[in-house]
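Student: got a predicted structure here, sequence first:
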Amino acid sequence: MDKKHDIEVKRKTILIYIISIIGIINLIPLAIIAIIQGNRTLGIFDLLVALVLLTILFLLKRRGYHIFYSYLGVIFAGALYCYLFASGGVNGTGHLWYYTFPLITSFLLGSKRGAIATFVLFAIACLIFIIEDYIPIITNYSTNFKIRFIPSFLVVFALSYFFENIREKTQQQLTKRNADLKKTITELKQAEEALRESETLLKATLESTADGILVVNDMGQVVATNARFGEMWRLPEQILKTNDDEKLLNCVLDQLKQPEAFLSKVQELYKTSKKDLDILYFKDGRVFERYSEPLIVENSIAGRVWSFRDITERVKAEAEKSKLQVKLQRSQKMEAIGTLAGGVAHDLNNILSGIVTYPDLLLSRLSEDDPLKNPIKTIRESGNKAATIVQDLLTLARRGVAVEEVVNLNHIISKYLKSPEYKKLISFHPHIEVKTELAEDIKNIYGSPVHLTKTLMNLVSNAAEAMPENAEITISTEFRYIDGPVKEYDDIKEGDYIILIVADSGIGISSADIERIFEPFYTKKVMGRSGTGLGMAVVWGTVKDHRGYIDVQSIEGKGTTFTLYFPATREKTDSDTADVNINDYKGQGESILVVDDVKEQREIATRILSELDYCVTSVSCGEKAVEYLQNNSADLLILDMIMDPGMDGLATYKQILQIHPGQKALIASGFSETDLVKAAQKLGAGDYVKKPYTLESIGIKVKMELEK
């Protein structure tokens, strides 16, 4: 039988099987008996019905149940029963088959259709009763039989109908309940599958997140965690497997900087339904972001969900960003002030040129006992002091002379400690003691002795101002290899460095002041005695000009240490330059063309060079220099780099080289514009002459260039 048929179909199929088999078993013997008794018609009819029943069984077996088989069975059974009733059957038992018909039709066709079929069969029986006297072949039934048969048949008919009707209703209810049950089971299976998929998705989501997740019930007991939670909190596997709440909590608290605050927050949140976000700081430097919200089940709090995110790198990045922003702001501030200082220094250089240069010319013409000699020397010294301040401004502006000389820091320190400036400082601070700890056989650096000496002098002066009674300053040097970037006050790159350290045991520098100590004009020293407020700014500019780094560490009440890093070199220092006599750098009538846009500078250069026996011509701009050299020649050019308006020194030199290839030239300026200077020197220009000019500085440079 087809498994897809419902229970009703199966029931009817089984019933047809039973009726057919019983019918066949009964009909064949009855047919044989009828034939033996001479009733061949009845016997043949029984055999035909048995054959039909066999056919129905065959079709049921081959094709399965069909309602047609029920109708066919009822029709043949009805025909057989009518024949048996009309003929009386074997030994007058034909009417007994009638009583089975209501049961058969009710089961096969249902209560309503079965009732119709039974009523038809009953009507035929009544018809037989009426016509039995008129047709000889029909059996005559007695009145007593008729009185007993009709009500008994109707009782069987009624019972069959009501029984089948009740069975059908019961079956319908069972079918409906079975359908509802199947639907419920299907929905439960679907819900179970959806729940399983949801749990799988939730677990996959929790395991894939970078956050550590902890779920606890309303008693604070662990319900669930993801693997990331254990990794972040570095929990032993045994604790995670056993969900030992007490051991887990102790393990967590042991790692935190403030375990009491952590526990207090947890206890506070268990009493409320609010969400919360805070930061956890670990003893080992890690930083977690903790987020918590209540676990709501059916509108009631069933526990809490805790989420932990490792923000250590983000916090470090933000701190580094903040530090870089401070450094950038500091650098931008220094750059802005430096630009201003550079412009001021350039103008001051032009103004000071006469004060610094003319005293040399005047002194060269005065006798030793001339009463004007000392006043003129005073003018020269004042001018030189002013020029020193200008040089500080240039250092601050990062526009000083390019650092190319090989120097030794130990030598610079030794010379400074013998200098008048140092002796003057000690006279102001007799209570201090200066100690030196200089490394032996230290490597050299590329540097400017003047700027390095000024840097050392400023650091020692600063330390002396910060010293209480009976304190000491230590000046030390050492060689150090930095094998990786060091992030201190300055970011120090890898390499070999000569370190200059100036440490004092003074009052120290406050955290607020330490961020401003390198700002120009920021000072807490005694004005008039200790300087102009440019000292530490000069230190900063000098270190940067020397491609170095600076670090400052200070503890209030204990002292300050400045550490300066200068790139080391294996080059040897030049021997000390001997004093030069003016006759050594006098000329022999060579022609020199001075190109400068400032009238006073042209006049000063002309007077000095003329005094040194050179034939000097001066012009006020690059265009006039090019025009002059189209029809004339010069043994040497003294070329100002910055001229406004018109061509600058580089453009002028390029055009002159087209007229006189290989033309010798010196570069002159109050400060060096590095790109312009280097470009001119690549074209063939010589050394650099710093303004304001002195007789010796310009004389030596001119002599050296002419002799190349």
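Tutor: Everything's here; your move.

Student: list the buried ones in stretch 196-214?
Tutor: For stretch 196-214, a neighbour-count test (16 or more other C-beta atoms under 10 Å) marks Leu206, Asp211, Gly212, Ile213, Leu214 as buried. Using the backbone N, CA and C atoms, a C-beta is placed for each residue, glycine as well.

Student: among these, which are in strands?
Tutor: Gly212, Ile213, Leu214 (DSSP state E).

Student: so how far is Glu260 from the last one?
Tutor: When distance is defined by C-beta to C-beta, to the nearest Å, Leu214 is 20 Å away from Glu260.

Student: could you do the first one as well?
Tutor: Gly212 sits 22 Å away from Glu260, going by C-beta to C-beta.

Student: do the same with Leu103
Tutor: Relative to Glu260, and taking C-beta to C-beta, Leu103 is found at 89 Å.

Student: go on, Ile514?
Tutor: 34 Å.

Student: enumerate every residue touching Ser198.
Tutor: Contacts for Ser198 (C-beta atoms under 8 Å, 6 or more residues apart in numbering) come out as none.

Student: am I right that it sits in a helix?
Tutor: Yes. Under DSSP: H, G, I helix; E, B strand; the rest coil, Ser198 falls within a helix.

Student: ranges for the helices of the stretch 151-300 of the chain?
Tutor: 227-233, 237-242, 245-255, 259-270 (DSSP state H, counting those that start in this stretch).

Student: ranking those by mean pLDDT, which is last?
Tutor: Here the lowest mean pLDDT among the helices of the stretch 151-300 of the chain goes to helix 237-242, at a mean of 78.

Student: okay, now the domains of this protein?
Tutor: 7-179, 209-310, 319-399, 401-569, 586-706 (automatic domain parsing).

Student: and the last one, how far out from the chain middle?
Tutor: I take that to be domain 586-706. 57 Å (C-alpha atoms, centre = their mean, to the nearest Å).

Student: quick revisit: what's the closest of the domains of the chain to Arg196?
Tutor: Judged by C-beta to C-beta, the one of the domains of the chain that comes nearest to Arg196 is domain 209-310, at 16.0 Å.

Student: what's the span of the closest one, first residue to last?
Tutor: 12 Å (C-alpha to C-alpha, to the nearest Å).

Student: any idea how far the nearest residue to Ile514 once chain neighbours are set aside lies from Ile517?
Tutor: Leaving aside its chain neighbours, Ile514 sits nearest to Ser554 (5.9 Å; criterion: C-beta to C-beta, 6 or more residues apart in numbering). Distance, Ser554 to Ile517, using C-beta to C-beta: 9 Å.

Student: and if you look at Lys435?
Tutor: Distance from Lys435 to Ile517, by C-beta to C-beta: 23 Å.

Student: for the two, indicate the residue with more neighbours.
Tutor: Ile517 (20 against 10; other C-beta atoms under 10 Å).

Student: hmm, the more buried one is touching Val552, no?
Tutor: Yes. Between Ile517 and Val552 there is a contact under C-beta atoms under 8 Å: 7.2 Å.

Student: overlap of the contact sets of these two?
Tutor: Common neighbours of Ile517 and Val552 (C-beta under 8 Å, 6+ apart) are Ile509.

Student: run through the strands of the stretch 451-600 of the chain in chain order.
Tutor: Using DSSP state E, counting those that start in this stretch, the strands of the stretch 451-600 of the chain run over 472-482, 486-487, 491-492, 495-504, 549-555, 559-569, 591-595.

Student: can you say which of those is packed in most?
Tutor: Of all these, strand 591-595 has the most neighbours on average by mean count of other C-beta atoms under 10 Å, namely a mean of 24.

Student: what strands line up against that strand, and which way round?
Tutor: Partners of strand 591-595 in the sheet, by DSSP bridges, are strand 615-619 (parallel), strand 636-640 (parallel).

Student: deepest of those, which one?
Tutor: Stretch with highest mean neighbour count among these: strand 636-640 (a mean of 25; mean count of other C-beta under 10 Å).

Student: which residues touch that strand?
Tutor: By C-beta under 8 Å, 6+ apart, strand 636-640 touches 590-598, 601, 605, 609, 625, 649, 652-653, 656, 663-669, 680, 685, 689, 698, 702, 705-706.

Student: what is the mean pLDDT for it?
Tutor: On average, strand 636-640 scores 92.

Student: about what we covered before: quick one: common contacting residues for Ser554 and Ile517?
Tutor: The contact sets of Ser554 and Ile517 overlap at Ile509 (C-beta under 8 Å, 6+ apart).

Student: and the helices of the stretch 151-300 of the chain as CSV, adding distance to Val52 and mean neighbour count?
Tutor: Shown next, in CSV, are the helices of the stretch 151-300 of the chain (distance: least, C-beta to C-beta, whole Å; neighbours: other C-beta atoms under 10 Å):
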stretch, distance to Val52, mean neighbour count
helix 227-233, 75, 17
helix 237-242, 76, 12
helix 245-255, 81, 14
helix 259-270, 84, 14
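
Student: can I get these in TSV including distance to Gly110?
Tutor: What follows is these, written out as TSV (distance: least, C-beta to C-beta, whole Å):
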stretch	distance to Gly110
helix 227-233	64
helix 237-242	65
helix 245-255	67
helix 259-270	67
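
Student: right, so of the ones you listed, which gets closest to Leu30?
Tutor: Of the helices of the stretch 151-300 of the chain, nearest to Leu30 by C-beta to C-beta is helix 237-242, at 81.5 Å.

Student: what's the closest one packed up against?
Tutor: With contacts defined as 3 or more C-beta pairs under 8 Å, 6 or more residues apart in numbering; DSSP states H and E, the packing partners of helix 237-242 are helix 245-255.

Student: got the contact list for the spatially closest residue to Ala210 that is not a sequence neighbour?
Tutor: Once flanking residues are discounted, Ala210 sits nearest to Arg228: 6.7 Å by C-beta to C-beta, 6+ apart. Contacts of Arg228 were listed using C-beta under 8 Å, 6+ apart, and they are Glu207, Thr209, Ala210, Asp211, Gly212, Ile213.

Student: ok, 10 Å please
Tutor: Leu206, Glu207, Ser208, Thr209, Ala210, Asp211, Gly212, Ile213, Phe308, Arg309, Asp310 (C-beta atoms under 10 Å, 6 or more residues apart in numbering).

Student: is it true that the last one touches Met232?
Tutor: Yes. Here Asp310 lies in contact with Met232, judged by C-beta atoms under 10 Å, at a distance of 5.9 Å.

Student: shared neighbours, those two?
Tutor: In contact with both Asp310 and Met232: Ala210, Asp211, Gly212, Arg286, Phe288, using C-beta under 10 Å, 6+ apart.

Student: closest to Glu469 out of those residues?
Tutor: Distances from Glu469 to the shared contacts of Asp310 and Met232, taken by C-beta to C-beta, are shortest for Arg286, at 46.8 Å.

Student: which secondary element of this structure has the worst mean pLDDT?
Tutor: strand 486-487 (a mean of 60; mean pLDDT, DSSP states H and E).

Student: helix, strand, or coil at Gly23?
Tutor: helix.

Student: any idea how far it is from Leu72?
Tutor: 13 Å.

Student: neighbour count for these two, which is higher?
Tutor: Taking neighbours as other C-beta under 10 Å, Gly23 and Leu72 compare with Gly23 leading, 24 against 18.

Student: how close does the more buried one get to Val595?
Tutor: Taken as C-beta to C-beta, the span from Gly23 to Val595 is 140 Å.

Student: ranges for the helices of the stretch 601-708 of the chain?
Tutor: Here the stretch 601-708 of the chain has its helices, by DSSP H, counting those that start in this stretch, at 622-631, 649-659, 674-683, 695-706.

Student: using JSON lines, lay out those helices together with distance to Ile301, mean neighbour count and mean pLDDT.
Tutor: Compiled in JSON lines, the helices of the stretch 601-708 of the chain are given as follows (distance: least, C-beta to C-beta, whole Å; neighbours: other C-beta atoms under 10 Å; pLDDT from 0 to 100):
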{"stretch": "helix 622-631", "distance to Ile301": "86", "mean neighbour count": "17", "mean pLDDT": "93"}
{"stretch": "helix 649-659", "distance to Ile301": "79", "mean neighbour count": "19", "mean pLDDT": "92"}
{"stretch": "helix 674-683", "distance to Ile301": "71", "mean neighbour count": "15", "mean pLDDT": "81"}
{"stretch": "helix 695-706", "distance to Ile301": "86", "mean neighbour count": "19", "mean pLDDT": "86"}
